[in-house]
Each structure stands twice: as structure tokens, then as C-alpha cells.
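Undergrad: kindly generate the corresponding structure for this input.
(one chain, ligands or ions: 1)
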Amino acid sequence: MAQQETDDQTINDGFVVDTEDCEARELAHRERGTARPITVVGNPVLHKECKDVTEFDAELAQLIDDMFASQKAAEGVGLAANQIGVDRKVFVYDCPDDEGVRHTGVVINPVLQEIPAELRVLDESNEGCLSVPTAYAELARPDYAEVHGQDAQGNPIKVRGTGYFARCLQHETDHLYGYLYIDRLSKRDRKDALRQMEEGTPRYETVPNA
Ligand code: ZN
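TA: You can find the predicted model right below:
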């Protein structure tokens with residue numbers, strides 16, 4: 001598996017192959033992990049830049065497993081570490097792209113790449129966030145995204161995606177820099193999203209705000 005990934009990475013110009021064995025990889029992570037409650041808007045850990053990961057050790061591996069377990073429990077397609085209260089630049093994802101192809105993986109210390117203006121096509125779809133439970137809002141984002149970062153062992157990786165997966169990559173990277181999608185909405189739409197949250201009841205355990 002690891003060997004194959006290395007070969008594929010070479011062929012794919014450094015882009016990680018995240019479409020193979022998704023079911024088995026996701027299951028293995030979450031079986032080793034424990035689901036943790038989700039932090040919600042207003043919790044300070046969501047509103048500041050997370051710390052870079054510098055140690056690629058067993059503790060990081062456990063965090064990743066717990067994140068996959070938490071993502072599944074909350075029925076998310078992506079999860080950032082600060083959404084389970086951990087101040088570290090890590091996100092996991094299990095998300096379909098615009099062709100319905102499933103992508104599963106983890107990115108450490110992600111940096112979103114600037115897409116040249118002439119290649120930018122905005123997609124105006126609905127977006128939601130586990131940390132703004134039960135709320136949805138339309139948000140225009142580029143329909144292609146590329147993130148550079150590291151894997152769980154610290155090797156440099158690149159991840160790219162289209163459609164819903166492109167949205168996911170942007171959304172999760174934003175989290176690790178202290179931004180929620182509602183921070184990108186107009187004042188009015190943000191207020192509306194917060195109202196939806198007030199009126200709804202999350203289907204998963206959340207961390208109460210102090
Ligand atoms: Zn989110």
C-alpha cells in the first residue's frame with residue numbers, strides 16, 4: 001500500500017492517490033479511533049489559526065483516527081482538528097467530487113494554492129459545517145482547488161479536487177486558519193445561518209460553549 005502510493009505519487013506529479021481503497025482505509029482509521037464531540041461557532045479554538053504540526057508521531061496517528069471516527073459519527077465529509085478541540089493543522093476528508101468519485105485522506109499543515117484568475121470558475125452551491133449545526137447557505141467558491149501539505153508521516157503531498165470536493169478542501173483549510181464558511185457570507189446570510197442553527201438540533205454530540 002505505502003509502496004504503491006509512492007509509485008503513484010511519482011506518476012501523478014506529487015498528487016496523492018486518494019481514490020483507492022477508500023472504504024477499507026476509512027474503516028481502519030475509525031475502528032482505531034474514538035468519536036469526540038464537535039466544537040461549535042463561538043468556541044475560541046475555531047476562531048484562530050491552529051499550530052503547525054512538527055511531530056509526526058503516534059499521538060498524531062491517534063488524532064487522525066479519532067478525527068475519522070468523529071467525522072463518521074457526525075456524518076461529515078470533512079473535519080478539521082479544531083472541530084474536536086485540537087489546536088493543530090490537520091484535516092481529514094471523505095468526500096465525493098463532481099463526478100461522484102470518492103476521495104478519502106488526511107492533510108497535515110495544508111496550504112491552499114492560488115488558482116490563476118483565468119482558470120477560476122465559481123460554483124455557487126450550498127455549504128454547511130458540523131460546527132454550525134443544521135445551517136446551510138449558498139457560497140460561491142472556485143470549482144477546483146489544490147492543497148499542498150504533508151501526510152501522516154511528514155512526506156510532502158498535494159491534493160486536488162473538483163466540485164464538492166474542491167469546496168471541502170477550501171472549507172477545511174479555512175478552518176485551520178480560524179475561518180468558518182459563515183465568515184465568508186454577507187452579514188445578512190451569516191445572521192440567517194446563525195438563526196438556522198439556533199432553531200435546529202444537531203444529530204451529534206457538540207461541545208457546549210462557555
Ligand atoms: Zn466546517
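Undergrad: what is the mean pLDDT for the longest strand seen in the chain?
TA: Using DSSP state E to define each element, the chain has its longest strand at strand 102-112. Confidence over strand 102-112 (mean pLDDT, whole number) is 98.
Undergrad: next helix or strand past that strand?
TA: Per DSSP states H and E, the first helix or strand lying C-terminal to strand 102-112 is strand 122-128.
Undergrad: pairing partners for that following strand, with directions?
TA: strand 136-142 (antiparallel) (DSSP bridges).
Undergrad: and the contacts of the longest strand of the chain?
TA: 16, 18-19, 22, 25-26, 52-53, 56, 60, 64, 67, 89-97, 145-152, 154, 157, 159, 161, 165, 169-170, 172-173, 176 (C-beta atoms under 8 Å, 6 or more residues apart in numbering). (Each C-beta comes from the backbone N, C-alpha and C, glycine too.)
Undergrad: do a quick rundown of the strands in this structure.
TA: Going by DSSP E, the chain shows strands at 38-39, 78-80, 90-96, 102-112, 122-128, 136-142, 144-150, 156-162, 206-207.
Undergrad: low-scoring stretches of this structure, by residue?
TA: Scanning the chain with the threshold set as pLDDT under 70 gives 1-12.
Undergrad: apply 90 and report the result again.
TA: The chain contains residues with pLDDT under 90 at 1-14, 116-119, 210.
Undergrad: just give me the longest helix of it.
TA: When the chain is parsed with DSSP state H, its longest helix is helix 58-73.
Undergrad: quick one: list the elements packing against it.
TA: Judged by 3 or more C-beta pairs under 8 Å, 6 or more residues apart in numbering; DSSP states H and E, the packing partners of helix 58-73 are helix 22-32, strand 78-80, strand 90-96, strand 102-112.
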